[in-house]
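# what follows is a protein structure lacking sequence information:
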Ligand SMILES: C[S@@+](CC[C@H](N)C(=O)[O-])C[C@H]1O[C@@H](n2cnc3c(N)ncnc32)[C@H](O)[C@@H]1O
């Protein structure tokens with residue numbers, strides 16, 4: 001909403017400080033830059049067009065958008081050249097994981113790196129027990145790769161992969177073959193376009209309901225609570241049968257972790273924290 005209400009008294013001191021802070025243009029100052037951009041966007045929204053603060057906020061915001069675009073393009077170039085792992089690890093949060101499902105500066109950056117267009121087309125309504133699309137926060141994908149010990153010997157399968165961010169990031173970080181299974185064709189089309197634009201040959205997407213999909217090649221199965229209830233029960237039963245054929249791990253995030261922790265054929269690897277990635281092995285596996 002745009003209005004001409006008086007601004008808090010320190011607003012001009014704050015924008016002076018942002019304008020003078022050249023370190024916001026350093027690529028590695030991502031967190032600070034994204035915070036500054038959010039603050040500038042608030043001022044842009046809260047002031048009328050000819051307000052002096054509006055103009056200054058627009059100018060600085062445009063400068064920071066340009067820095068973000070350059071950073072996005074340089075990461076994309078590294079990914080296309082096959083040096084994406086090195087480029088991505090630079091952004092690893094290490095063990096400093098904010099255990100929540102909220103989004104942060106890494107999501108702002110990798111949302112741009114991985115998305116080439118807005119998904120277009122009609123999204124089919126979800127059936128009962130199916131969960132709508134929202135991507136795993138990127139810091140938890142770094143955590144996933146670390147805690148599940150994914151290597152290039154693995155075949156990683158994201159069950160309900162949405163726009164495919166997790167399989168793409170896991171492939172870049174580990175060299176594992178990655179498969180995303182997603183029932184919504186619009187998301188699958190978007191994910192395929194991104195993987196192709198980034199030359200990610202080891203990532204593929206299957207437009208299918210997980211209940212009917214081939215699970216026979218996976219070694220690591222990831223569930224960011226794609227479904228609940230009877231669908232989850234049926235898919236877990238299929239995974240239990242897969243586990244009788246070869247060693248597999250399950251990686252979970254979000255509310256489905258509690259339901260999966262109650263499965264008697266699975267045991268958690270390490271301590272499980274309801275708000276972080278959890279890794280499970282079959283008992284005795
Ligand atoms: C919470 S999102 C997770 C997206 C992705 N795994 C990630 O972490 O970024 C759940 C996704 O599962 C999909 N989904 C729900 N039920 C499904 C089913 N039975 N088969 C395939 N995909 C399903 C939804 O369309 C949605 O894209």
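Structure's in. What do you need? Worth saying up front: this structure is predicted, and the values here are computed from it rather than measured.

# the ligand contacts on the chain?
Selection of the chain residues close to the ligand by C-beta under 6 Å from any ligand atom yields 130-131, 133-136, 158, 160-162, 165-166, 181-184, 187, 209-211, 224-227, 231. Using the backbone N, CA and C atoms, a C-beta is placed for each residue, glycine as well.

# pull out the buried members of the residues you listed.
For the residues of the chain next to the ligand, a burial check counting by 16 or more other C-beta atoms under 10 Å picks out 130-131, 133, 135-136, 158, 160-162, 165-166, 181-184, 187, 209-210, 224-227, 231.

# which other helices and strands does the longest helix that the chain contains contact?
In the chain, with assignment by DSSP state H, the single longest helix is helix 52-80. Here helix 52-80 touches helix 11-20, helix 30-46, helix 84-89, helix 105-114, going by 3 or more C-beta pairs under 8 Å, 6 or more residues apart in numbering; DSSP states H and E.

# quick one: the second one to helix 105-114, angle?
Between helix 30-46 and helix 105-114, the angle comes out at 90 degrees (axes from the mean of the first three to the mean of the last three C-alpha atoms, to 10 degrees).

# could you give the angle of helix 30-46 to helix 52-80?
Using the same axes, to 10 degrees, helix 30-46 lies at 140 degrees relative to helix 52-80.

# show me how far helix 30-46 is from its chain's centre.
Computed by C-alpha atoms, centre = their mean, to the nearest Å, the chain-centroid distance of helix 30-46 equals 21 Å.

# which strands or helices does it pack on?
Using 3+ C-beta pairs under 8 Å, 6+ apart: helix 30-46 touches helix 11-20, helix 52-80, helix 105-114.

# give the contact list for the closest residue to the ligand within the stretch 151-285 of the chain.
The ligand sits closest to residue 160 of the stretch 151-285 of the chain, with a gap of 2.3 Å, by C-beta to the nearest ligand atom. When the contact criterion is C-beta atoms under 8 Å, 6 or more residues apart in numbering, the partners of residue 160 are 131, 181-183, 210, 223-224, 226-227.

# where does the chain dip in pLDDT?
1-5 (pLDDT under 70).

# so it: which segments form each domain?
According to automatic domain parsing, the chain comprises the domains 11-81, 121-282.

# return the most buried member of those domains.
Most buried of the domains of the chain, by mean neighbour count (mean count of other C-beta atoms under 10 Å): domain 121-282, with a mean of 19.

# now do the end-to-end distance for that domain.
Domain 121-282 has an end-to-end distance of 40 Å (C-alpha to C-alpha, to the nearest Å).

# what is the neighbour count of residue 97?
Neighbourhood size, residue 97 [other C-beta atoms under 10 Å]: 18.

# contacts only, for it.
Per C-beta under 8 Å, 6+ apart, neighbours of residue 97: 139-140, 142-143, 276.
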